[in-house]
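J.: Task: produce atomic coordinates for the following.
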Amino acid sequence: LGTGVEVYSAGLGALTGSPPHPETQKMAQEFGLNVSAHRGTQVSPEMVRAADLILVMDQTQKEACQSLAPTVRGKVFLLGHWLALHEQEIIDPMGRSHETHARVYEHIRRGLELWLPRLVPRIGA
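T.: This is a model prediction of the structure:
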């Protein structure tokens, strides 16, 4: 995204300080990502107010973030916002099979692919 851009990860039910689920770590490794140093962080009203954009997985998370700080309503979007309507919500893979984790990873990747061009400043714009 370039210099000056900060990206944070936080959850509504995150186990603060906990590493990613072993299945999540395994899936990330398969795609060349090392997330072993990542630790869970609980989202807070201050965090959502400070953010310029908040991407969530499903409508329940969107509503929960908006209830933390109602002033953020216009900056909370589904990660799958630009996907087909029936694909916009992304399920939580925790406690599910490796195959489900793989499908969710792909779903997230496709959602991000469609967000990135909208976030990266255009040259000459």
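J.: From now on I want contacts and neighbour counts done on CA atoms only, so please keep to that.
T.: OK.
J.: Ramachandran angles for P45?
T.: In this entry, P45 is assigned phi and psi values of phi -60, psi -40 (degrees, to the nearest 10).
J.: residues in contact with it?
T.: Residues counted as contacts of P45 (CA atoms under 8 Å, 6 or more residues apart in numbering) are 68-69.
J.: what about it, distance to E6?
T.: Using CA to CA, to the nearest Å, we find P45 at a distance of 18 Å from E6.
J.: got it, and D52?
T.: Spatial separation of D52 from E6 under the definition CA to CA is 10 Å.
J.: same thing with M94?
T.: With distances taken as CA to CA, M94 is found 26 Å from E6.
J.: The two - which one has more neighbours?
T.: Neighbours of M94 and E6, each counted by other CA atoms under 10 Å, are more numerous for M94; the result is 13 against 8.
J.: Shouldn't that one be within a helix?
T.: No: membership of M94 in a helix is not supported by DSSP: H, G, I helix; E, B strand; the rest coil, which gives coil.
J.: Next up, phi/psi of it, please.
T.: phi -60, psi 130.
J.: Enumerate every residue touching it.
T.: Residues touching M94, when contacts are defined by CA under 8 Å, 6+ apart, comprise H21.
J.: model confidence over stretch 100-110, on average?
T.: With pLDDT averaged residue by residue, stretch 100-110 scores 93.
J.: how about it: buried residues?
T.: If you call a residue buried by 16 or more other CA atoms under 10 Å, then stretch 100-110 has these buried ones: 101-102, 104-105, 107-108.
J.: what's G2 sitting at in phi/psi?
T.: For G2, the backbone dihedrals (degrees, to the nearest 10) come out as phi 100, psi 180.
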